[in-house]
Structure formats: structure tokens, C-alpha cells
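Peer 1: Here's my sequence, what's the structure:
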Amino acid sequence: MICAGRRHLVRTLADLAAQQGVELQTFLNQAVHKRAGYPPPPISSPGARALIFDGEQVDAYLTGRPVPPLRSEGDDQEHEEGDLLDRREAAAVLGVVPDSWRVYKRAPLLTEHMTVVGGVEHWPRGIVHRYRDTRPGRTAATGRPTGSGDQVPRDELLPRTAPLLDADPAVTATTVVEQLGVTRSTAQRALTRLRADRIADLVQERPELSPDEAAAALGYPPALARRATARAATVLRARAAAPYLDDVAAAVHRARWTTEAATDVQLPGDDRVVAALVLDGDQAPVPALVWDERYGWRTAASRRHPITRDAVPSSEGGGVRYLAGGVTPPPAALIAALSA
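Peer 2: Modelled structure (predicted):
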């Protein structure tokens, strides 16, 4: 955690390398930060990929002074609500696994107060406590009035359904309807998405498991997890394709055909991976590009709705044409085909 009032002291590995006048790669190769006596990264939670250090401790070490200790959780309850927690620490407050945090953090309260320090997302401890104490399941729900629409905004649906699944892996759509006041179809979609993501997370963590085995390990009854295991397989393929799609998005951005290097990945019908790249640059050759894991790239005539209901048009024409080169042509080849 980053203790309250110490955000300005945060230093990354790049900061430490610059402080000592060497390139980052040289710093890493020499493992300077792993030498005996060098202050550990106490403000990075165990297992964190991005290490961040406390500048006061590092300065003390480099000048031969005693390294001052940092406050631990519980040492100063008056100020600890202002501590900044990373995803692992925030997940621990809620009593859930770190991978589940990406669902919880979509809640408006947490989104509003998220801050990036040292390249790592953090949330104030007090805000995480407030979310924990007011999330669904803490109070009685009124259910869904007959004839009404969903009572939960779309961007809050998954964060508010996740605690119900945490509490009971066998939770049904009926319970979600009663607790959140949404339609049954909405509840079923939310549970399918959450279960699928968690199944995919476990398979990535333990590759020896199949999606069905992962579902069983998570306590999901077969009758409730059938759709989720199918979607989980699609989620895993989407994650595998993500680096390639990121490379294409970056290449298209470098060509100045997009204002941002980002793709919109969708899972139509839960069983296939489709991605869209909206070409909003002034010199863009087409309105949008669509990638389908079965057929590769095609152009699209609409920026607002590049992915059609059937995902793949049955024929070319009307601004739609398929680009040769297989399912995953090199980004440079795709740029060349569009520039011809």
C-alpha cells in the first residue's frame, strides 16, 4: 500500500535507474535493487508485476543513513483511510481473489476514485471500505416490480452481481432478480459472463484443467455452468488473440488512421471472437475494420455499427470487402493492402 500522504515519494524502477544515472535495462541487469540492504518494494503487494518503492527509504539507503520503517496497516487508524491500495490489497478487503477485482472496479464509486501511481491502479482504502459496506447483499432488496425494466444501470450490473456469486457459486438467476431488481434474461447474462471469466482465469492459472473441470473446481453446478463453460473457451481464445489485435491497432494508429490505438472485442453469441477497429482519422481509407477469428479481416461501411448482427456478411459489396492474407496477416501486410 501507499501510506496516506506519501504518494509524492513513490518511485518506479525507471526512477531508481535515472536517480543513479544508468539506463533502466542496465539497472535491471545489474539487479541493483536486489542487493543486500537495498530497501524492498514494500508499497508493492506480493506478486505485483510493477514494483514501486518509497523514495525516502531509497534516499536513506543511498546516503548511508538508517532506512526508516513505513507505517503498517493498523498502526494509525486515524489516517489509514487515506492509504492507497492496489488491486490485490483492495480485493483482500472484499475477501475475493485478485482476478475478480477487474469486475468490482467497474462500480461507479470505485471508478470515480481510481488513481494511477507508478503505472499501477490504486484506490483509497476508505472508498474500498465504503463500497464493501454498501455493496449488494448487505441490505435487503426489494426485488423487481412487475412490468418494470432493469433497476440496475448496465455499467453496475457485473460489479453488483459478482458479490452474489462470491457468496454462493450455485446462485441462480432467480436470486439475482430478487436481489437486484433486473429481468431474468439480464440476470442470466450477468451470471454467464462472470462465471465464464472466472473459469477462464482458472484455466489460465492451471492449464491442465478443461473449462468443465475448472467450473467444477469453482463449485458451479453443471446445469448452471453449461453456457459459461462454452463462453469461457471463447474468452480464452479472445485473450490469446489480444496481443495480435493490439499490434494491428498500433500499426493502424501509426498510419494515422485512428486517433487512439484501441480495439473493441466482442463475443457474439458467446461462441466466436470478433473485433472492430474504427478508423476515425482524416486520411483513413475505410470507415472501419472488422476481424473475425474464422475469416480474418474485412472492411466495414459503418463506423457506428461495424459489426453486423451476423458478425460476418455473406457477401462483399456496399463498402465491405475481405482482405487476403489469412486469419492473422502481419500488421504491415494489412496496412499495405489497405493502402493499395
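Peer 1: where along this protein do the helices fall?
Peer 2: Counting by DSSP state H, the chain has these helices, from start to end: 13-19, 24-29, 55-62, 87-94, 101-104, 108-113, 125-134, 154-167, 173-180, 184-205, 211-217, 222-254, 331-339.
Peer 1: How about the shortest one, which residues are buried there?
Peer 2: The reference is to helix 101-104. 101, 103, 104 (16 or more other Cβ atoms under 10 Å). For the C-beta atoms, the positions are set from N, CA and C on the backbone; glycine is no exception.
Peer 1: For that helix, name the packing helices and strands.
Peer 2: Here helix 101-104 touches helix 87-94, helix 154-167, going by 3 or more Cβ pairs under 8 Å, 6 or more residues apart in numbering; DSSP states H and E.
Peer 1: now the longest one: how far from the chain's centre is it?
Peer 2: Centre-to-centre, helix 154-167 and its host chain are 15 Å apart (Cα atoms, centre = their mean, to the nearest Å).
Peer 1: cool, and the shortest one?
Peer 2: Distance, stretch centre to chain centre, for helix 87-94: 15 Å (Cα atoms, centre = their mean).
Peer 1: buried ones in it?
Peer 2: 87, 88, 89, 90, 91, 94.
Peer 1: Just name the closest of those to residue 264, please.
Peer 2: residue 87 (23.5 Å; Cβ to Cβ).
Peer 1: tell me the contacts of the residue nearest to that closest one when sequence neighbours are not counted?
Peer 2: In space, and not counting its chain neighbours, residue 87 is closest to residue 101: 4.4 Å by Cβ to Cβ, 6 or more residues apart in numbering. The neighbours of residue 101, taking Cβ atoms under 8 Å, 6 or more residues apart in numbering as the test, are 87, 88, 90, 91, 94.
Peer 1: ok, back up a step: reformat the buried residues of helix 87-94 as TSV; add pLDDT and distance to residue 291.
Peer 2: Formatted as TSV, the buried residues of helix 87-94 follow (pLDDT from 0 to 100; distance: Cβ to Cβ, whole Å):
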residue	pLDDT	distance to residue 291
87	87	29
88	86	33
89	88	37
90	89	34
91	85	32
94	82	35
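Peer 1: Low-confidence ranges, the stretch 151-300 of the chain, go.
Peer 2: 151 (pLDDT under 70).
Peer 1: Same question for the stretch 1-150 of the chain.
Peer 2: For the stretch 1-150 of the chain, the ranges with pLDDT under 70 are 41-42, 47, 71-79, 135-150.
Peer 1: Residue 80 is in contact with residue 4, correct?
Peer 2: Yes: with contact defined as Cβ atoms under 8 Å, residue 4 counts as touching residue 80 (6.7 Å).
Peer 1: burial of residue 106, as a residue count?
Peer 2: Neighbour count of residue 106, defined by other Cβ atoms under 10 Å: 16.
Peer 1: Then residue 108?
Peer 2: 12.
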